[in-house]
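Colleague: Curious how this folds, go ahead:
(one chain, ligands or ions: 3)
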Amino acid sequence: MAKKDYKLPSLNDARKRNKEVSEKLSFVLEEQYKDLGKDKKYFLVTHGCQANQRDSETIAGILDEMGYTPSEDEEKADLIIINTCAVRQGAEEKVLGEIGALKRLKTANSDLIIGMCGCMAQEEKTVSLIMEKYRQVDIIFGTHNITSLPKLLYEVNTTRTRKIEVFSKMGEIIESVPVTRFMSHKAWVNIMYGCDKFCTYCIVPYTRGKERSRYKEDIIFEVEELVKQGYKEVCLLGQNVNAYGKDLHNDYTFGNLLNDVAKTGIARIRFMTSHPWDFDDTMIEAIKNNSNIMPYIHLPIQSGNTGILKKMNRRYSREEYFELYDKLKRELPGFAFTTDIIVGFPNESDEAFEDTMSAVEHCEYDNAFTFIYSKREGTPAANMEDTIDRKTKEERLQRLNERVAFYANKNNQRFKDQIVEVLVDGLSKRNSNVYSGYTPENKLVNFTANNVKTGDLVKVKITEVMSFSLNGECIEE
Ligand code: SAH
Ligand code: SF4
Ligand code: F3S
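Modeller: Ligands and ions are numbered 1, 2, ... in the order given. Model prediction:
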């Protein structure tokens, strides 16, 4: 395909925002695409966050409706789709390695169709690279183009040419999209898409479009259906769930939504992610008043230094974060708190890093997801001067991780000899006689049991406490 035959995405176009309510569309699979996957198998690989996991469930749902069947074995697949993440360089390199390795399968079977989607597909540099150097890829579709997959597959099948469809736009809300959930007891439920926060290091607002909320009726209906199907847990998803509803201008907030989702009677409700900026009192009240909202809050701090936070465009100071954090700790006793931290943001000084260390001392998190800053082309931070060397950043990360582990361990001590409720995920990955699942506080528990199955809520006595998991034995099956 000659260079001018396709349109590249544009991160620059993707940064536009308006205040209008997003359009709501409804998906219908056209008749002509329904048998396209007959006798064909697909293999789907998912990278990145829960938003991508949920998107993959939509992709699987669409493929299933087209007659494809899932394959456990990529060697036997007629269609391979890689759903990608662009949040850090490491994530991208992994995907490129994986796509590189698929060349072998394509050479062995020229009928094999390879698709790439997700956040990397939204970047012009990645699409150019794939078009020039990774010719084994037949289809590239963006995060706004998932519902075009049937059409793209049809076109590739009939014309045998490569197809790209990546829109760099604010996006809409598409309902009635098929879904094949990967779990039978826990479900991801999107409550909003996109992000308008534009933290200066982050690519997500460019790859996912504007912050736009689903209508509450559609969310509640989805959760009610999940309850009927026997689901035990929903995780309400959004890059900033606290901002839910603001774009709909109807005064219905995330606190209201939490109350209404709680009324469906689902056993466990979680939500991801809370930005400190919009965490209001109606949310705290809703969390307090509903016992099926789990005692676990993920509240990313990113840095403990006000100067760095300002450069990150996080919209809060160290003191403001502490004020909110301390209030949540006070009002929600027994809750577990986790965070995200970036070390080595451009020109982060030793003093600034020490502020992050002391924030960890102050907050005593149950756990923290820690990252070395990764430069994302197209974001404002990519143009900031950075004189801090890699080794310093790695040393900082290691020091930070040691303190994170210390507090994780300290927080877990309170579970020793306690009886906790665990939602069973299934057999543990490490040991075939051991089951695993999570407590309400989102603590991973590995436990022995005789007669439990995925989706059971069981009582487990904790016998041993580690930094990042608990061991126990089931006392009630
Ligand atoms: N919307 C969520 C986070 C989504 S990305 C929130 O704001 O909390 C998940 C985490 O990846 C972020 O919290 C941040 O800690 C990290 N991250 C994002 N961009 C990054 C970058 N360029 N380099 C390193 N870490 C990054
Ligand atoms: Fe990225 Fe910030 Fe949006 Fe989270 S809030 S997705 S870190 S821009
Ligand atoms: Fe990655 Fe996109 Fe999620 S960049 S973290 S998959 S929103």
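Colleague: Next, count neighbours for residue 446.
Modeller: Here the count is done by other Cβ atoms under 10 Å, and residue 446 has 20 residues near it. Where you see a C-beta, it was placed from the backbone N, CA and C, and this is true even at glycine.
Colleague: And for the one 3 residues further on?
Modeller: When neighbours are defined as other Cβ under 10 Å, residue 449 has 21 of them.
Colleague: which residue packs closest to it, ignoring adjacent ones?
Modeller: Nearest residue to residue 449, sequence neighbours excluded (Cβ to Cβ, 6 or more residues apart in numbering): residue 474, at 3.5 Å.
Colleague: any idea how far residue 38 is from the one you found?
Modeller: Going from residue 474 to residue 38 by Cβ to Cβ, to the nearest Å gives 44 Å.
Colleague: more crowded one of the two?
Modeller: Relative neighbour count places residue 474 above the other of residue 474 and residue 38, with 21 against 10, counting by other Cβ under 10 Å.
Colleague: Can you classify that one as helix, strand or coil?
Modeller: Under DSSP: H, G, I helix; E, B strand; the rest coil, the three-state class of residue 474 is strand.
Colleague: who are the neighbours in contact with it?
Modeller: Applying Cβ atoms under 8 Å, 6 or more residues apart in numbering, one finds that residue 474 lies in contact with 422, 435, 447-450, 452, 458-460.
Colleague: ok, which residues in the chain are in contact with ligand 2?
Modeller: Applying Cβ under 6 Å from any ligand atom, one finds that the chain approaches ligand 2 through 195, 197-199, 202, 204-205, 239-240, 275.
Colleague: want to try JSON lines for these, with secondary structure and neighbour count as columns?
Modeller: Listed next are the residues of the chain next to ligand 2 as JSON lines, based on DSSP: H, G, I helix; E, B strand; the rest coil; neighbours: other Cβ atoms under 10 Å:
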{"residue": "195", "secondary structure": "coil", "neighbour count": "23"}
{"residue": "197", "secondary structure": "coil", "neighbour count": "17"}
{"residue": "198", "secondary structure": "coil", "neighbour count": "15"}
{"residue": "199", "secondary structure": "coil", "neighbour count": "22"}
{"residue": "202", "secondary structure": "coil", "neighbour count": "21"}
{"residue": "204", "secondary structure": "helix", "neighbour count": "23"}
{"residue": "205", "secondary structure": "helix", "neighbour count": "21"}
{"residue": "239", "secondary structure": "coil", "neighbour count": "21"}
{"residue": "240", "secondary structure": "coil", "neighbour count": "23"}
{"residue": "275", "secondary structure": "coil", "neighbour count": "20"}
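Colleague: ok, of the residues you listed, which one's closest to residue 176?
Modeller: residue 239 (23.1 Å; Cβ to Cβ).
Colleague: ok, and the closest non-adjacent residue to the closest one?
Modeller: residue 195 (4.0 Å).
Colleague: any idea how far the one you found lies from ligand 1?
Modeller: Distance, residue 195 to ligand 1, using Cβ to the nearest ligand atom, to the nearest Å: 6 Å.
Colleague: Then residue 434?
Modeller: Taking Cβ to the nearest ligand atom, one finds residue 434 at 30 Å from ligand 1.
Colleague: Quick check: bridge partners of that residue?
Modeller: Following DSSP bridges, residue 434 is listed with bridge partners residue 448.
Colleague: which among the residues of the chain next to ligand 2 gets closest to residue 117?
Modeller: residue 204 (15.6 Å).
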